[in-house]
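A.B. asks: Model the following, please.
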Amino acid sequence: MKRDKIKQILTDLTEKEVLICAWVRTNRAQAQFGFLNVNDGSTLPNLQVVYDAKLENFQEISKFRVGVSVQIKGRVVLTPNMKQPLEVHADEIIMLGDCPETYPIQPKRHTREFLRDNAHLRARTNLFNAVFRIRSVAAMAVHSYFQERGYVYVHTPLITCADCEGSDQMFKITTLDVNNLPYTEDGKVDFSKDLFGKQAFITGSGQLHGETFAMAFGDIYTFGPTFRTENSNTKTHANEFWMIEPEMAFCDLEGLMDIEEEMLKYVCKYVLDRCPDEINFCDQFVEKGLKQKITDLLNSSFVRISHHDVIDLLKKAPVKWEFLPSYDDDIAKEHEKYITDYFHGPVFIKDWPKDIKAYYMKVNPDNKTVAAVDLVVPQAGELMGGSQREEKLDVLLKRMEEMGVEKDGIDWYLDTRRYGGCVHSGFGMGFERLIMYLTGIENIRDVIPYPRTPKNVQY
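C.D. replies: Numbering: from 1, shown residues only. Predicted coordinates:
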């Protein structure tokens, strides 16, 4: 007999014989009967199973502890006048795996810090069951959006010699014996003796490689893990995280913003439609008004405003800022919050000062700003960052020289401008930031299965 999944049982609402394999969440035993609440991981709601003294192992079942895995044969009985729409009346219950009293995940409220210390077990709680199911569905939504529009999914390398984010922010990898390093005559580490014959990094971005494929396929995207060495202990930073990075040929900054808005709305609606139980749970227990926040985003038109005009607004605001707004600098979290509150929704901030942005961004005609854009959203702040790329080789080389970027290691990247270059654009979105927005979770450590942060590499 094939195993029946609880999600399908709760969806079908049909009286029938079923075979269930699941874990016990609660066990309420009485003299002649009892109730098991069980969950098999297929859906957030538990299934109530009724057992009685007719079962030959009734006394044994009545002592099953939380966490025990069981196999249940029984009949679905509809209960329209009760709290739950149906229950299963058991004909047979067999223990598959015992669970001792020391099991950490008991049916009570646990702090997120405690669950972080038990990351290998926390997916068994309602909160993290909801969070990681939303993460799964959102990942599928990302792929669906791009695949439906003809984008090519590119697996850019995790090991790279391309210095996109600055080597100080990238992990270095080596097969050399760090306790007995070879040195050149000038006292530097001799990477010619390393596996790749040169210094190599773990990627901080797939953008440069992605651009090369955009020059062949037109529209591409990458979606995979990236790594940064930033020694930051904030709630929004991690050293290993996932990034979505599309690159589009024949696309300028305005077209880029169109795509960012369309994609974000697509993913949000996809998750709302497919995770109603999980969204409702997060709305009730994580962030009150979460569902309305996402619905408001779907119904809004994203404002587009220049960095200069944002600073004008901030300077006129009747607010005492911790960080004074400047026409030459980035904007702070407090500024992002004010701007999204001011416009009552998501805001594209575009045309940033060129001196604080990367060398590959398109220099605007004013020669002071670049065609870069950040999307800031209510509560979460910055969610996406992108730009029109500089397509002119001479301008790009000049920018690299101004910013001290070595061209020797990325000469292959410059070929995208030498051979049939064109206007093109791309953006990056931290996947965990998106999940934080969709769940209301405030700490990035709680939307990654096994977070990697400074001084933390457990599991």
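
A.B. asks: V76 belongs to a strand?
C.D. replies: Yes: judged by DSSP: H, G, I helix; E, B strand; the rest coil, V76 forms part of a strand.

A.B. asks: Could you name the specific helix or strand carrying the residue of the chain most remote from its centre?
C.D. replies: Seen from the C-alpha centroid of the chain, the residue lying at the greatest distance (C-alpha atoms, centre = their mean) is K54, 49.0 Å away. Assigned by DSSP states H and E, K54 falls within no helix or strand.

A.B. asks: Okay, strands next: where are they in the stretch 251-400 of the chain?
C.D. replies: With strands called from DSSP state E, counting those that start in this stretch, the stretch 251-400 of the chain shows them at 303-306, 347-353, 369-377, 381-389.

A.B. asks: Same list, these, but as TSV with distance to F33 please.
C.D. replies: Just so you know, the C-beta spots here come from the backbone N, C-alpha and C atoms, and that holds for glycine as well. Below are those laid out as TSV (distance: least, C-beta to C-beta, whole Å):
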stretch	distance to F33
strand 303-306	60
strand 347-353	58
strand 369-377	51
strand 381-389	51
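
A.B. asks: Switch these over to a markdown table; also include distance to P100, mean neighbour count and mean pLDDT.
C.D. replies: Below are the strands of the stretch 251-400 of the chain laid out as a markdown table (distance: least, C-beta to C-beta, whole Å; neighbours: other C-beta atoms under 10 Å; pLDDT from 0 to 100):
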| stretch | distance to P100 | mean neighbour count | mean pLDDT |
| --- | --- | --- | --- |
| strand 303-306 | 56 | 16 | 98 |
| strand 347-353 | 53 | 23 | 98 |
| strand 369-377 | 45 | 24 | 96 |
| strand 381-389 | 43 | 23 | 95 |
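
A.B. asks: Out of these, the one nearest D219 is which?
C.D. replies: strand 381-389 (14.0 Å; C-beta to C-beta).

A.B. asks: how far is that closest one from where the chain is centred?
C.D. replies: Distance, stretch centre to chain centre, for strand 381-389: 16 Å (C-alpha atoms, centre = their mean, to the nearest Å).

A.B. asks: How about stretch 236-249?
C.D. replies: Worked out by C-alpha atoms, centre = their mean, stretch 236-249 lies 9 Å from the chain centre.

A.B. asks: Stretch 399-412 too?
C.D. replies: Per C-alpha atoms, centre = their mean, the displacement of stretch 399-412 from the mean C-alpha position of its chain is 31 Å.

A.B. asks: buried set for that stretch?
C.D. replies: 399-400, 405, 410 (16 or more other C-beta atoms under 10 Å).

A.B. asks: Can I get the residues you listed in a markdown table including pLDDT and distance to K392?
C.D. replies: Converted to a markdown table, the buried residues of stretch 399-412 look like this (pLDDT from 0 to 100; distance: C-beta to C-beta, whole Å):
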| residue | pLDDT | distance to K392 |
| --- | --- | --- |
| R399 | 93 | 10 |
| M400 | 92 | 12 |
| V405 | 87 | 16 |
| I410 | 87 | 16 |
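
A.B. asks: If we only consider these, which is nearest to D177?
C.D. replies: Using C-beta to C-beta, I410 comes nearest to D177 of the buried residues of stretch 399-412, at 29.1 Å.

A.B. asks: phi, psi of the closest one?
C.D. replies: Main-chain dihedrals, I410, degrees, to the nearest 10: phi -130, psi 30.
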